[in-house]
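Novice: Would you be able to build a 3D model of this:
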Amino acid sequence: MMRDVPGRTNRGAAFVVGAAIVTMAVGFVLKSPCLGSWADGRQYNLLCYSDVAALYASDDRDRGLDEDRVPYLDGQNEYPVLTGLAMWVAAVPANSYPSFVVWNAVLLTAAAAVTAWALHAFAGRRAMWFAVAPTLLVYGLVNWDLLAVALATAATLAYLRGRDGASGMLLGLGAATKLYPALLVIPFALGRWRQGRPGDARRLIGVAALTWAGVNLPFAVFGFDRWAEFFRFNSSRGADWDSLWFIAARPFGFTWDVTLLNVLTATAFAVTGVLLWRAASRRPGFRPWTFGFPLLVAFLLTNKVYSPQYGLWLLPWFAAAVPSLPLFVAFEVADVAVFVTRFQFFARLSDQGPGLPFWSFEVAVVVRAAILIACVVAWMRAQAREPAPEPVLEAA
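Specialist: Residues are numbered from 1 along each chain as shown. Okay, here's the model as predicted:
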């Protein structure tokens with residue numbers, strides 16, 4: 001990686017961080033119509049839907065955030081531990097829906113800033129792709145995924161700086177926030193193993209596992225039933241609207257058996273991941289840590305749930321592993337199209353607006369999947385080029 005002079009690097013990082021903050025601020029303005037009543041269907045018609053706004057008050061899940069109940073100990077929560085605690089941290093100073101959203105916006109904007117800073121440290125100016133991405137604009141405040149994105153990106157930076165213990169700790173924290181950072185343990189550990197550093201690979205895996213366990217253990221001990229809700233909820237979910245499994249089943253008019261679907265999705269992901277690894281690892285320019293990108297794509301396309309905001313997981317990887325601006329732009333267009341058609345379809349489904357037909361949403365989902373497959377193909381072709389040296393970054 002070409003190094004810039006320190007002053008220029010610092011200015012570049014500050015510029016990228018500032019751009020990410022501005023993007024999040026504009027995203028908050030776009031979400032602001034949903035700070036009031038949703039009785040008129042504005043969350044769909046004005047495209048301002050946000051889980052952050054929806055989950056503050058107690059409902060059938062009895063989260064109790066509006067009563068300052070601690071998740072897993074006093075209140076129910078279907079999210080991983082650190083996400084549930086982040087929700088609670090924002091709820092304590094809040095006294096209304098709007099103030100809860102504001103506090104979460106501050107927290108998530110900080111996560112976007114950390115992501116932008118860490119990404120700039122190893123991807124340089126391409127970090128601006130993340131900072132100004134429409135995906136960040138429309139999805140940044142939809143859910144709490146940016147917290148995990150920040151931890152995963154910081155873990156990648158630590159890995160590239162040779163700090164395997166720190167990388168493992170950050171991945172463990174990320175997995176306690178949203179399970180997807182746990183997937184990155186695979187390419188990072190295999191990368192160290194291929195470098196002839198099995199001890200570092202074991203250290204990374206061990207620290208990640210111990211960190212995740214250390215965060216979760218107190219809640220599992222003192223509130224096991226509430227803590228286990230995340231696992232019960234996700235194991236019992238059917239194919240979501242945005243998944244290829246749902247689209248595949250719909251023309252035939254059947255609904256997947258959840259147990260069968262769980263087996264099929266796990267098998268499809270495992271087989272796809274192994275095949276991708278075997279194909280890429282034989283190529284002369286293979287950089288194992290970048291395998292995180294195709295692995296995440298394989299997970300998203302084979303999973304039974306592809307929630308709208310999951311596109312945030314991929315944003316740093318476009319700058320780091322698939323530096324193709326046309327493909328990035330194509331993904332952004334498709335990802336925003338999914339957002340628009342999804343919620344416009346929900347407006348029609350709930351009789352709260354003319355909306356758009358379901359087929360428009362299906363087309364957007366399929367096009368996005370095709371673009372992601374094209375991105376993996378581009379990544380694979382890049383591995384066939386002359387060997388590229390692994391970036392070794394100096395500590396900040």
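
Novice: what residues does stretch 232-250 touch?
Specialist: 78, 255-256, 258, 261-262, 264-265, 301-308, 338, 342, 361-362, 365-366, 369 (CB atoms under 8 Å, 6 or more residues apart in numbering). C-beta coordinates here come from the backbone N, C-alpha and C atoms, glycine included.

Novice: which among the residues you listed end up buried?
Specialist: 78, 256, 261-262, 265, 301-308, 338, 342, 361-362, 365, 369 (16 or more other CB atoms under 10 Å).

Novice: Next, name the residue at the spatial heart of this structure.
Specialist: residue 313 (3.1 Å; CA atoms, centre = their mean).

Novice: what's the domain layout of the protein?
Specialist: For the chain, the structural domains run 1-56+94-143, 237-396, going by automatic domain parsing.

Novice: quick one: which of those is nearest residue 63?
Specialist: With respect to residue 63, and counting by CB to CB, the nearest of the domains of the chain is domain 1-56+94-143 at 6.4 Å.

Novice: Find the nearest non-adjacent residue to residue 126, please.
Specialist: Spatial nearest neighbour of residue 126, chain neighbours left out: residue 319 (3.9 Å); criterion: CB to CB, 6 or more residues apart in numbering.

Novice: In what element of secondary structure is residue 331 found?
Specialist: Using DSSP states H and E, residue 331 sits in helix 325-349.

Novice: which helices and strands does that helix pack with?
Specialist: helix 42-45, helix 134-139, helix 311-320, helix 358-382 (3 or more CB pairs under 8 Å, 6 or more residues apart in numbering; DSSP states H and E).

Novice: what's the angle between that helix and helix 358-382?
Specialist: 160 degrees (axes from the mean of the first three to the mean of the last three CA atoms, to 10 degrees).

Novice: Helices of the stretch 151-300 of the chain, start to end?
Specialist: 164-175, 185-194, 198-222, 224-227, 229-236, 244-249, 258-281, 292-302 (DSSP state H, counting those that start in this stretch).

Novice: export those to a markdown table and tack on mean pLDDT and distance to residue 329?
Specialist: Formatted as a markdown table, the helices of the stretch 151-300 of the chain follow (pLDDT from 0 to 100; distance: least, CB to CB, whole Å):
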| stretch | mean pLDDT | distance to residue 329 |
| --- | --- | --- |
| helix 164-175 | 98 | 27 |
| helix 185-194 | 97 | 26 |
| helix 198-222 | 97 | 34 |
| helix 224-227 | 95 | 42 |
| helix 229-236 | 95 | 32 |
| helix 244-249 | 95 | 23 |
| helix 258-281 | 97 | 24 |
| helix 292-302 | 98 | 17 |
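
Novice: which of those is buried the deepest?
Specialist: helix 164-175 (a mean of 25; mean count of other CB atoms under 10 Å).

Novice: ok, residues contacting that helix?
Specialist: For helix 164-175, using CB under 8 Å, 6+ apart, the contacting residues are 80, 82, 148, 151-152, 154-156, 158-159, 180-182, 184-185, 188, 192, 200-201, 203-212, 214-215.

Novice: On the pLDDT front, check the nearest residue to residue 13 once chain neighbours are set aside for me.
Specialist: In this structure, residue 13 finds its nearest non-sequential neighbour in residue 120, 4.5 Å apart by CB to CB, 6+ apart. You'll see residue 120 listed with a pLDDT of 97.

Novice: which residues touch residue 120?
Specialist: Contacts of residue 120 (CB under 8 Å, 6+ apart): 9, 12-13, 16-17, 127.

Novice: Show the buried residues in those.
Specialist: In terms of neighbour count (16+ other CB under 10 Å), the buried residues within the contacts of residue 120 are 12-13, 16-17, 127.

Novice: Let's see which of the residues you listed end up in helices.
Specialist: Judged by DSSP state H, helices contain the following of the buried ones among the contacts of residue 120: 12-13, 16-17, 127.
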